[in-house]
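Trainee: Sequence isn't available, so here's the structure alone:
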């Protein structure tokens, strides 16, 4: 690559560098490709490394770059839309569900969850852990809280633990008539366990989608799904559910 010096511009130098870097990502790099180290990039563009870091951080916030532990800074794939619909006609775990069951435990939930489910503070609920992978990378992790009263005919003999138990709980949940669901979305920071599962650093920005599934006039299940904010964006519509949509094929735009 040739040397490119930045001219004097009225806007902040890091912002102009961000624009130049973005154009370079489009024309010179492919999705997943590792960028040169900071020293080489700073020399190429004739800027201080502090300025370069500001530009790289901005591009990471915009979803253009990803910083991966043990790998370096790579070109990110196109952001995927997290569609938060206003209609829901199926329970989690249905045939069209893109989530993968990981584990299931019977434990007392956090106080805020117990209050939403109207269960006792120490009353155990089925806690299903699921994950979502897209284009070969983890994009979301979910905890699904289901009171025992929502799956009264569940037998421990069918599947005592693990992913099989999670699928058994979700199958039993299908027997309830779902009335509606209610979504709430907020921006948060990845906790240590979420960061590990999503291949992010602790404190990285995430989108938290909380869904209350209503049946028999009460909250029959509660989902707390954590999405990577660097690879997902929110979309709103009436399609229902939380779905990930891929953009058209492109190099790195």
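Mentor: All right, it came through fine. Just so you know, these numbers come straight off a predicted model, no measurement behind them.

Trainee: contacts and neighbour counts: CA atoms only from here.
Mentor: Noted.

Trainee: In a helix, residue 187, correct?
Mentor: No. Under DSSP: H, G, I helix; E, B strand; the rest coil, residue 187 falls outside any helix and is assigned strand.

Trainee: What strand or helix carries the residue nearest to the spatial centre of the chain?
Mentor: By CA atoms, centre = their mean, the chain has its centre lying nearest to residue 227, at 1.4 Å. Element membership for residue 227, per DSSP states H and E: strand 218-228.

Trainee: That strand - contacts with which helices or strands?
Mentor: Applying 3 or more CA pairs under 8 Å, 6 or more residues apart in numbering; DSSP states H and E, one finds that strand 218-228 contacts helix 111-117, strand 137-146, strand 205-215.

Trainee: how far off strand 205-215 does that strand point, in degrees?
Mentor: Interaxial angle of strand 218-228 relative to strand 205-215 (axes from the mean of the first three to the mean of the last three CA atoms, to 10 degrees): 160 degrees.

Trainee: ok, back up a step: mind putting the helices and strands packed on strand 218-228 into CSV with distance to residue 58 and mean pLDDT?
Mentor: Formatted as CSV, those follow (distance: least, CA to CA, whole Å; pLDDT from 0 to 100):
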stretch, distance to residue 58, mean pLDDT
helix 111-117, 35, 93
strand 137-146, 20, 91
strand 205-215, 13, 91
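
Trainee: what's the closest of these to residue 35?
Mentor: Closest to residue 35 of the helices and strands packed on strand 218-228 is strand 137-146 (CA to CA; 18.9 Å).

Trainee: List the strands paired with the closest one, with their directions.
Mentor: Using DSSP bridges, the strands paired with strand 137-146 are strand 125-134 (antiparallel), strand 218-228 (antiparallel).

Trainee: Kindly reformat the helices and strands packed on strand 218-228 as a markdown table containing mean neighbour count and distance to residue 123.
Mentor: Shown next, in a markdown table, are these (neighbours: other CA atoms under 10 Å; distance: least, CA to CA, whole Å):
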| stretch | mean neighbour count | distance to residue 123 |
| --- | --- | --- |
| helix 111-117 | 15 | 8 |
| strand 137-146 | 22 | 12 |
| strand 205-215 | 21 | 19 |
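
Trainee: and of the ones you listed, who's closest to residue 125?
Mentor: strand 137-146 (5.7 Å).

Trainee: can the strands paired with strand 137-146 go into CSV with extra columns for mean pLDDT and distance to residue 142?
Mentor: As requested, the strands paired with strand 137-146 are arranged in CSV below (pLDDT from 0 to 100; distance: least, CA to CA, whole Å):
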stretch, mean pLDDT, distance to residue 142
strand 125-134, 92, 5
strand 218-228, 93, 4
